[in-house]
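*Asks:* predicted model and sequence below, questions to follow.
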Amino acid sequence: MHIDPEPVSARAHVSGDSRRSRRSAPAPRVSRKGRFHRPELTTPWQKFSGNLAVRIVFAVLLVGVTAGVVWMAISRFAL
């Protein structure tokens, strides 16, 4: 059984120059926070708590305080 290949369309023979002219305009740049991000609608607290440095400092402080409380509990109630 022999299957004939499909006929090649005329589009397959278009030169590269005409393909470039059909390209659409480049897409607009989208913010990493999303397409509908509106900085004027964020509160100062949202800006502050969304800062990466603030989050890292808070995490380090939280771990440090927790370790300090655990150390105090172990040293005070150790037999």
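*Replies:* Sure, I can see it.
*Asks:* all contacts plus neighbour counts: C-alpha atoms, from now on.
*Replies:* OK.
*Asks:* following the least confident helix or strand in the chain by mean pLDDT, which helix or strand shows up next?
*Replies:* Scoring the helices and strands of the chain by mean pLDDT, DSSP states H and E places helix 16-21 at the bottom, with a mean of 55. Using DSSP states H and E, the next helix or strand after helix 16-21 towards the C-terminus is helix 44-49.
*Asks:* neighbouring contacts of that next one?
*Replies:* For helix 44-49, the surrounding residues in contact (Cα atoms under 8 Å, 6 or more residues apart in numbering) are 54-55.
*Asks:* what is the next helix or strand after it packed up against?
*Replies:* Using DSSP H and E, the helix or strand that follows helix 44-49 in sequence is helix 52-77. Using 3 or more Cα pairs under 8 Å, 6 or more residues apart in numbering; DSSP states H and E as the contact test, no helix or strand touches helix 52-77.
*Asks:* show the average pLDDT along helix 52-77.
*Replies:* The average pLDDT within helix 52-77 is 96.
*Asks:* quick thing: my sequence starts at 61, can you match it?
*Replies:* Yep, numbering from 61; the last one is helix 112-137 now.
*Asks:* what about residue 118, neighbour count?
*Replies:* 13 (other Cα atoms under 10 Å).
*Asks:* and residue 86, by the same measure?
*Replies:* Residues near residue 86, counting by other Cα under 10 Å: 6.
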